[in-house]
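Asker: Pasting the sequence and the predicted coordinates here, then a few questions.
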Amino acid sequence: MHKATEPATDPVDNVRSALIDGGAKDTVQVFDDEVPTAAAAAAVLGCEVAAITNSLIFDVDGEPLLILASGAAKVDTALVADQLGTGRIRRAKPAFVLEHTGQEVGGVAPLGHPGRIRTILDASLEQHPVLWAGAGDHNSMFSISYEELRRITNAEELLVR
């Protein structure tokens, strides 16, 4: 088995390791069918779309910003930029996402990345006792509580819409 300091080549293994290294349980589930959208994931999991945590990578002057947003929310990037005091927040291109996360768009997880990414957590997610997030590829998800997700990602809580 690999060490946390030596990332695995498999993004799902990286997520599993990050969960365990962060003191959380490995709750990763792998599905036969892809779950690349919040709606697809909610249908497979039998939960509300709002309980799906989308991991969205944005580009802020060449630096990645990860926003963990409810699957029912459309992120207001101007609102987030105003609260953070940053310049314009742009949706990242797939190559930028892969470079900074080691994961492809549609399967990005809140953790398991090669390096630390500044992370924002949508405060509206707190109303759900169980959250589901992508686990590194299009077929995997994991469950976690809001507080544990905040802690393990060291996320800043903000309203994103």
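Answerer: Looks like it came in fine.
Asker: list the contacts for Ala69?
Answerer: Listed by Cβ atoms under 8 Å, 6 or more residues apart in numbering, the contact partners of Ala69 are 53-54, 56, 75, 122, 125, 160-161. From N, CA and C alone the C-beta is placed, and that goes for glycine too.
Asker: buried ones in stretch 119-136?
Answerer: Judged by neighbour count (16 or more other Cβ atoms under 10 Å), stretch 119-136 contains these buried residues: 119-122, 124-125, 128, 131-136.
Asker: Show the average pLDDT along it.
Answerer: If you average the pLDDT over stretch 119-136, you get 97.
Asker: SS state for Asn79?
Answerer: Check again: residue 79 is Leu, not Asn. Secondary structure for Leu79, judged by DSSP: H, G, I helix; E, B strand; the rest coil, is helix.
Asker: Take the contacts of Ala69 and lay them out in JSON lines including secondary structure and distance to Pro94.
Answerer: Output for those, formatted as JSON lines (DSSP: H, G, I helix; E, B strand; the rest coil; distance: Cβ to Cβ, whole Å):
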{"residue": "Thr53", "secondary structure": "strand", "distance to Pro94": "20"}
{"residue": "Asn54", "secondary structure": "strand", "distance to Pro94": "15"}
{"residue": "Leu56", "secondary structure": "strand", "distance to Pro94": "13"}
{"residue": "Val75", "secondary structure": "coil", "distance to Pro94": "18"}
{"residue": "Asp122", "secondary structure": "strand", "distance to Pro94": "22"}
{"residue": "Leu125", "secondary structure": "helix", "distance to Pro94": "25"}
{"residue": "Val160", "secondary structure": "coil", "distance to Pro94": "22"}
{"residue": "Arg161", "secondary structure": "coil", "distance to Pro94": "24"}
